[in-house]
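Visitor: Here is my input; please provide its structure:
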Amino acid sequence: MCLLIQNILKSVDQTTGNITLTYETKDYSGNALVNAPPLTLVSSLSYTWDVSNVGTFTPRFDYRYKGQVFFTPEGDSRIGNDPYWIFDARLDYKSPDGSIEIGAWIQNMLDQFYAVTA
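Guide: The predicted structure is shown next:
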């Protein structure tokens, strides 16, 4: 059971000085957890080429998937993210003696827009 307390009301009896707190609750049982996608996938592919007298080159391709998330306990699809994919790429170079390493990368290659919070 998931309850969220909303609208806490405080009243003071003027004759006795007693304080009374009343509150309303909502039951969100069965709703998805806030910012918790039902499915997340993360993977990468890479391969290292050793080129004689030049060094090694390592291209790498990363991808990740995040299912639909809601940013409120009500599960309002207007306040959340639809499922999306993110693709990244990287190319690394390492000199034959290992004294030089250079890397270049592109994050979010498809320029996918996604919110991280409401």
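Visitor: tell me the SS of the closest residue to residue 75 other than its chain neighbours?
Guide: Excluding its sequence neighbours, the residue lying closest to residue 75 (C-beta to C-beta, 6 or more residues apart in numbering) is residue 31, at 4.6 Å. For the C-beta atoms, the positions are set from N, CA and C on the backbone; glycine is no exception. Under DSSP: H, G, I helix; E, B strand; the rest coil, residue 31 falls in the coil class.
Visitor: Residue 31 and residue 42, how far apart?
Guide: As judged by C-beta to C-beta, to the nearest Å, residue 31 and residue 42 stand 25 Å apart.
Visitor: how about the strands in the protein?
Guide: Secondary structure of the chain (DSSP state E): strands located at 3-12, 19-27, 40-46, 49-51, 55-66, 69-70, 80-81, 84-94, 101-106.
Visitor: Mean pLDDT for the ones you listed - can I get that in a markdown table?
Guide: Formatted as a markdown table, those follow (pLDDT from 0 to 100):
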| stretch | mean pLDDT |
| --- | --- |
| strand 3-12 | 66 |
| strand 19-27 | 77 |
| strand 40-46 | 97 |
| strand 49-51 | 95 |
| strand 55-66 | 97 |
| strand 69-70 | 92 |
| strand 80-81 | 90 |
| strand 84-94 | 97 |
| strand 101-106 | 98 |
